[in-house]
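Chemist: please find the sequence and the predicted model below.
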Amino acid sequence: MKQVGIEAINAYCGETYIDVPTLFAARGLDDSRIGNLMMARKSVALHCEDAVSFAVNAAKPLVDALSEEERDSIELLIVGTESGVDFGKSLATYVHDHLGLSRSCRLFETKQACYSGTAALQMAAAVVAASPFEGAKALVISSDVARPVPHTYVEPSQGAGAMAMLVSDKPVVAAFDHGANGFHSYEVMDTCRPDPEREAGDTDLSLLTYIECLKGSFTDYASKVDGADFVDSFDLLAMHTPFPGMVKGAHRAALRKLKRGLSPQAIEDDFTDRLGAAIRYPQQVGNIYAGTVFLALASTIDNAVIDRERRIGVFSYGSGCASEFYSAVVDPASQRAVRAMGIREALDARYPLSIEEYDELLTATAELKFGTQDFTFDLDRFPQITKARFDAGRRLVLRGVRDYHREYVWLGGEQR
């Protein structure tokens, strides 16, 4: 059996952010609840960005780093999203085109709320493992752009971002433990998107479902992996992170069930030691839905102490619901590869929005309704943002819609 895993990983979390305490104050929200969120900032999409442009901007550095032969060995492209732009045509078609991939390629889109990215990743890993061709690769991208719900406690956590991963038999970033996968899924109406512009659901039910799925999927994992222990088997953990406070609560509940007898302080210490690195980037970005678990994984590898081989337990959850617990091994070379992508530097370089700019961006973004036949963006609408950002690097943006077909254009400096 081939060793399969993630060869390369990158994040694109937008060009701007809003400070979460600033947003709380502007909306008149109870700032005592900021501590429960455990968030500092959230990424905000520009009016001319969508799930396609985010996906391409995340994946472009990975594709550009390949030789022509390696690029042509990408035989599968999957995009996991709940921010699709068409009920029939996959947004993977646009992504494939703007990345310049070979036409000898399977491509499609997956949907199962925030689990869709993991569904794509596991399918890609299976395809690479089964391929009779050495060097076969798959490109997996998770891309979502939230439609924020203003004046609610959900708004401060709703982010925008994409994670791109190259899957191959050269798992430089993370090598999967073959067959070490636990599942827990059932029908529940915790959150949903009844139409393209709205999110709905029961946040309390979602938290309870998340906790049940964490315990259930790990129990299934342990039934397949001899001697698996929620604490002792994993040096680090990376979990789907709608907001870090939710992860902390679920971790506490899971330990009380799966590792009885630990003191409250021991549970707190375990969270800091094994999940502290994982929540750093989600604290700066917010919930990016299908890609959030991979942002947590990249954050773990980038920020944890990795001075030897370490095993990471990964928990993925998607409302509705589907969940999976799996594991992977990383080492110092993994950390060097992730740090070379400059994710931390890109997050630090984002433009800080005032509340007035944030609200104007929300208004501008809402002008393009789902299913619009023709639309043209004013790409100079926010010059104080776009000039500084696009002078710094080349980015794909949405220029307009012509007879339902989305048209994109590259803006900015030298391609990177």
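Modeler: Looks like it came in fine.

Chemist: count the residues that sit near Arg41.
Modeler: Neighbourhood size, Arg41 [other Cβ atoms under 10 Å]: 24. For the C-beta atoms, the positions are set from N, CA and C on the backbone; glycine is no exception.

Chemist: what's near enough to touch it?
Modeler: 17-20, 283-286 (Cβ atoms under 8 Å, 6 or more residues apart in numbering).

Chemist: tell me the secondary structure at the nearest residue to it once chain neighbours are set aside.
Modeler: Of all residues not flanking Arg41 in the chain, Tyr17 sits nearest, at 4.4 Å (Cβ to Cβ, 6 or more residues apart in numbering). At Tyr17, secondary structure determined by DSSP: H, G, I helix; E, B strand; the rest coil is strand.

Chemist: and Thr365, by the same measure?
Modeler: helix.

Chemist: mind checking how far Pro58 is from Phe375?
Modeler: Careful, residue 58 is Ala; it's not Pro. 24 Å (Cβ to Cβ, to the nearest Å).

Chemist: mind checking which of the two has more residues around it?
Modeler: Per other Cβ under 10 Å, whichever of Ala58 and Phe375 has more neighbours is Ala58, with 26 against 16.

Chemist: any idea which helix or strand comes after the helix or strand where that one lies?
Modeler: Per DSSP states H and E: Ala58 is located in helix 51-64. Going down the chain from helix 51-64, the next helix or strand is helix 68-72, by DSSP H and E.

Chemist: packing partners of that following helix?
Modeler: Where contact means 3 or more Cβ pairs under 8 Å, 6 or more residues apart in numbering; DSSP states H and E, helix 68-72 is not packed against any helix or strand.

Chemist: residues making contact with it?
Modeler: 63, 100-102, 104, 135, 137.

Chemist: of those residues, which belong to strands?
Modeler: Counted as lying in strands by DSSP state E, out of the contacts of helix 68-72, are Lys137.

Chemist: the contacts of helix 68-72: which two are farthest apart?
Modeler: Gly100 and Gly135 (18.9 Å; Cβ to Cβ).

Chemist: need the pLDDT of the residue nearest in space to the middle of the chain.
Modeler: The chain has Gly291 as the residue nearest its centroid, 1.5 Å off, counting by Cα atoms, centre = their mean. Gly291 carries a pLDDT score of 98 in this model.

Chemist: pretty sure it is touching Met163, no?
Modeler: Yes: between Gly291 and Met163 there is a contact under Cβ atoms under 8 Å: 3.7 Å.
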